[in-house]
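> Provided below for reference: sequence and predicted model.
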Amino acid sequence: MIERVRIAPPRNLQHLVHCYWHGRFIPLSGQTLEQQVLPSPFTELIFHTGEHSCSLDNRNASPLALAIGMQQHPYTVKFIREVNVIGIRLRAGAHKVLLGISGSELRNAHFDLYTVDPVFRKLGEGIRSATEATEAIRFCNRFFEERVNRNRHDDVLSEAINYLHTANTSFSMETFRNHCRRSLRQTERIFRNETGCSPREYMLLLKSLSAARVLESDKEKLVNLAYHLDYADQAHFTRTYKKVFGILPSRQRASPDSFLVNY
């Protein structure tokens, strides 16, 4: 059984924190709960708040505080016992301000967050000592607000990321350049240095993630979904989905409980 609840950050952090979430992952007695996590453009900060933690890609149990960068390929997460989590989903561009490292360093990587900076142990202790999720998230808000006030934020990158998250399927490089009010070369360079990918690749991942969200719970025909997302036809949509996520959309639809979609 999986329970996940999303909570929006305050407005002054929304350009950096996509959302908070808290969850419980409970395997059936004597069994292992195994999930494939689809790639997303976000960095996940995972704080285990109970006695047990998950394991990634058949490795040993994860540390109490885990940073998972933007991934190019699906990865496997396993739960042997009940695991309780507070999660923080960061947008690209938040890494320098909130973590003190570039997003490109995190791409396709995951590591113990406490090894980045001792200050994150204070964040983890505040989360684990909270009696309920809302209290933990209020602590996170205060912690991140202090980091924002202390560290410089790149407005060029923030404008670019915000545009991509609101553009939906209407993305074009020309409107992207006009929105950012910078030369396209300069914006792309800043964007790639931070995210490890181009704006077009980032937008393709967002678009595919929108499709994955629909496939989680909606029975809409794939041909209609392809049309709504501005693909040329269902075959084009299927090829792109397989290229981005490594699986066919029909496979996710057939067993939605086997996949985690982080949005």
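Sure thing, it's come through. Being a predicted model, the structure only gives us computed values, none of them experimental.

> where does the stretch 151-263 of the chain have low pLDDT?
Across the stretch 151-263 of the chain, the ranges flagged by pLDDT under 70 are 152-155, 168-171, 181.

> so which residue of the chain lies furthest out from the middle?
residue 30 (30.2 Å; C-alpha atoms, centre = their mean).

> what are the ranges of the strands in the stretch 101-250 of the chain?
Using DSSP state E, counting those that start in this stretch, the strands of the stretch 101-250 of the chain run over 110-112.

> can you pull the contacts of residue 78?
Contact analysis of residue 78 by C-beta atoms under 8 Å, 6 or more residues apart in numbering lists 32-35, 54-56, 58. All C-beta spots, glycine's among them, are computed from the backbone N, C-alpha and C.

> give me the sheet partners of whichever strand or helix holds it and which way each runs.
Using DSSP states H and E, residue 78 sits in strand 75-79. Looking at strand 75-79 with DSSP bridges, its partner strands are strand 33-37 (antiparallel), strand 55-56 (antiparallel).

> quick one: average pLDDT of it?
For strand 75-79, the mean per-residue pLDDT is 89.

> turn the contacts of residue 78 into JSON lines, columns for pLDDT and distance to residue 23.
Formatted as JSON lines, the contacts of residue 78 follow (pLDDT from 0 to 100; distance: C-beta to C-beta, whole Å):
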{"residue": "32", "pLDDT": "88", "distance to residue 23": "17"}
{"residue": "33", "pLDDT": "89", "distance to residue 23": "12"}
{"residue": "34", "pLDDT": "89", "distance to residue 23": "16"}
{"residue": "35", "pLDDT": "89", "distance to residue 23": "11"}
{"residue": "54", "pLDDT": "88", "distance to residue 23": "10"}
{"residue": "55", "pLDDT": "86", "distance to residue 23": "16"}
{"residue": "56", "pLDDT": "82", "distance to residue 23": "16"}
{"residue": "58", "pLDDT": "66", "distance to residue 23": "21"}
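
> of these, just say which sits nearest to residue 193.
For the contacts of residue 78, the minimum distance to residue 193 (C-beta to C-beta) is 26.3 Å, reached by residue 56.

> and for that closest one, the neighbour number?
18 (other C-beta atoms under 10 Å).

> ok, residue 137 to residue 15 distance?
17 Å (C-beta to C-beta, to the nearest Å).

> then residue 222?
Look at residue 222 and residue 15: by C-beta to C-beta, they are 34 Å apart.

> also residue 48?
27 Å.

> tell me the SS of the nearest residue to residue 39 once chain neighbours are set aside?
In space, and not counting its chain neighbours, residue 39 is closest to residue 71: 4.8 Å by C-beta to C-beta, 6 or more residues apart in numbering. Here residue 71 is coil, with the state taken from DSSP: H, G, I helix; E, B strand; the rest coil.

> what distance do you get for residue 71 to residue 42?
Taking C-beta to C-beta, one finds residue 71 at 10 Å from residue 42.

> also residue 18?
6 Å.

> so which of the two has more stuff around it?
Ranked by neighbour count (other C-beta under 10 Å), residue 18 and residue 42 place residue 18 first, with 26 against 23.

> shouldn't the more buried one be within a strand?
Yes: counting by three-state DSSP, one finds residue 18 located in a strand.

> which residues touch it?
Contacts of residue 18 (C-beta under 8 Å, 6+ apart): 9, 42, 89-91.

> in helices, which of those residues appear?
Under the assignment DSSP state H, the contacts of residue 18 contribute nothing to helices.

> which two among the residues you listed are spaced furthest apart?
It's 9 and 42 that sit farthest apart of the contacts of residue 18, by C-beta to C-beta, at 12.8 Å.
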